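Peer 1: Fold the following, please.
(chains A and B)
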Amino acid sequence: SQQGEEDPQALSIQEGENATMNCSYKTSINNLQWYRQNSGRGLVHLILIRSNEREKHSGRLRVTLDTSKKSSSLLITASRAADTASYFCARGGETSGSRLTFGEGTQLTVNP
Amino acid sequence: ETGVTQSPTHLIKTRGQQVTLRCSSQSGHNTVSWYQQALGQGPQFIFQYYREEENGRGNFPPRFSGLQFPNYSSELNVNALELDDSALYLCASSLGDRYNSPLHFGNGTRLTVT
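Peer 2: Sure, this is the predicted structure:
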């Protein structure tokens, strides 16, 4: 069963706007990762944030982590139509090595 | 640098049959994980192989089995296929079984069981 929940399930915005996706989890983590998936294809790693980090940036991506609330958020700034995809958070557990537990995903649609 | 490749891309099988899916790891990676992704869901962990040995398994029955070869390529075998096994099967490689190791995914094999 999935150990995380993502919110919203679907998000539709206009090009240029910012997109924020949230992820909550139930058990302790070693790290939290975000992945992107274009329709029916493999997942692409976007960013990894360790449990002792609070914020991380990569290009137009900004990820925050609040371990006290067991939640994370992914912000995509100045979105583009090419950002249309499903976005998943994945929890790396404290005892599971590189095994990841994925959430249900957020389907992001960026309209030109 | 060669990425993760999976074969075949699509497969149709009948309930009760057996299937073998194949994966070539990204060069330099010694860990392979397999995930099952049902339509509209997130990937679910099946198992992981590190240096040819299984070192983690998700909540999947024994009819799901795997192998990792000395060149770190891998196979996923599913026996006695059921309709619910229809899904996208994703292989991912990584360097070591350590924490904080991003996964590199292939494009998956779409399995349909009729």
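Peer 1: ranges for the strands of the chain?
Peer 2: With no chain named, the answer covers chain A. A:4-7, A:10-14, A:19-25, A:29-37, A:43-50, A:55-58, A:61-66, A:71-76, A:85-93, A:100-102, A:106-111 (DSSP state E).
Peer 1: oops, I was thinking of chain B
Peer 2: So, for chain B - with DSSP E - the strands run B:5-7, B:10-13, B:19-24, B:31-37, B:44-50, B:53-57, B:64-68, B:74-78, B:87-94, B:104-105, B:109-113.
Peer 1: Could you tell me the least trusted of the ones you listed?
Peer 2: Note on the strands of chain B: strand B:53-57 shows the lowest mean pLDDT, a mean of 89.
Peer 1: For residue 9, which residues are in contact?
Peer 2: Since no chain was named, I'll use chain A. A:104-107 (CB atoms under 8 Å, 6 or more residues apart in numbering or on different chains). Heads up, the C-betas are built off the backbone N, CA and C, glycines and all.
Peer 1: try again with chain B
Peer 2: Contacts of residue B:9 by CB under 8 Å, 6+ apart are B:107-110.
Peer 1: Report the buried residues of stretch A:44-57.
Peer 2: By neighbour count with 16 or more other CB atoms under 10 Å in any protein chain shown, stretch A:44-57 contains the buried residues A:45-49, A:56.
Peer 1: Would you reformat those as a markdown table and include distance to residue A:87 and pLDDT?
Peer 2: Below are the buried residues of stretch A:44-57 laid out as a markdown table (distance: CB to CB, whole Å; pLDDT from 0 to 100):
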| residue | distance to residue A:87 | pLDDT |
| --- | --- | --- |
| A:45 | 12 | 96 |
| A:46 | 8 | 97 |
| A:47 | 11 | 96 |
| A:48 | 14 | 94 |
| A:49 | 14 | 95 |
| A:56 | 15 | 97 |
